Structure formats: C-alpha cells, structure tokens
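Engineer: Predicted model and sequence below, questions to follow.
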Amino acid sequence: MIYQSKFAEKSIRKIATYITNQGNPNNAINYILRLQEFINSIPIYPEKIGLCNQKSFSSRNFHCAIFDKTYIVVFKIKLNDIYIYNVIHGSRMK
C-alpha cells in the first residue's frame, strides 16, 4: 500500500500550480499523472531504490527516487507499505 503525507500532496499541488502558471494547464495535468504513475510503481521493487545521498535523509532511512531528472520522491519502506514523505525539486537537495 502507498500512503502520501499531506506535505507530499501539497508539494505535488505546488508542482501542478507552477506548470499551470507557466501557461501550460494541460501539461500540468499530464505531468502530475505521470508523477502519480511513477509513485504508484515504487512498490514493485522499492528495495532497488537506494537510500538518499543526503545524510540528513539517509540517516533516517529515507529512500530517494528520481522522477523525470527533475524531482525527487522521498519515501520510507515500512513492512509492505510505502510512505511518500515529500516530492522535492532536485536543485533543492544540494
């Protein structure tokens, strides 16, 4: 099962708003749909996605999956469940 935190949901809405404000509402819908498909695919092989490179995340056992070379989906694996904590623009992870 996949669970998304309110923080992750808010981040996804901000991404959609940003793309929409760039004058591309249809692109925003398509991009968010692709992002959600990506998130839904994480449980297939979650253990193949490594811990985050950032020490503040890896020390707390967060995994980082890169979407579209731009966004990083930060999640934890707990038993058979995936908890999505945030979706962060890659430039903010440095």
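Structural biologist: In hand now; what should we look at?
Engineer: Please count neighbours and contacts with C-alpha atoms only from this point.
Structural biologist: Will do.
Engineer: Contacts for the one helix or strand Phe57 maps to, please.
Structural biologist: Taking DSSP states H and E as the criterion, Phe57 maps to helix 55-58. Residues outside helix 55-58 that contact it (Cα atoms under 8 Å, 6 or more residues apart in numbering): 51-52, 63.
Engineer: repeat that with 7 Å
Structural biologist: 51-52 (Cα atoms under 7 Å, 6 or more residues apart in numbering).
Engineer: Tell me which residue lies nearest the centroid of this protein.
Structural biologist: Val73 (2.3 Å; Cα atoms, centre = their mean).
Engineer: which residues touch Phe75?
Structural biologist: 62-64, 82-85.
Engineer: likewise Glu37?
Structural biologist: Residues counted as contacts of Glu37 (Cα under 7 Å, 6+ apart): none.
Engineer: and the host helix or strand of it, C-alpha only, in CSV?
Structural biologist: Mapping Glu37 onto the secondary structure by DSSP H and E places it in helix 25-41. Output in CSV follows, covering the C-alpha atoms of helix 25-41 (Å, rounded to 0.1, in the frame of the first residue of the first chain):
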residue,chain,number,x,y,z
PRO,A,25,-2.5,23.7,-17.8
ASN,A,26,-2.7,20.6,-20.0
ASN,A,27,1.0,19.9,-19.5
ALA,A,28,0.4,20.3,-15.7
ILE,A,29,-2.3,17.6,-15.7
ASN,A,30,-0.2,15.2,-17.8
TYR,A,31,2.9,15.8,-15.7
ILE,A,32,1.1,15.1,-12.5
LEU,A,33,-0.5,12.0,-13.9
ARG,A,34,3.0,10.7,-14.9
LEU,A,35,4.3,11.6,-11.5
GLN,A,36,1.5,9.7,-9.8
GLU,A,37,2.1,6.7,-12.1
PHE,A,38,5.8,6.8,-11.1
ILE,A,39,4.9,6.9,-7.4
ASN,A,40,2.5,4.0,-7.9
SER,A,41,5.3,2.0,-9.5
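Engineer: Right, I'll call it a day here.
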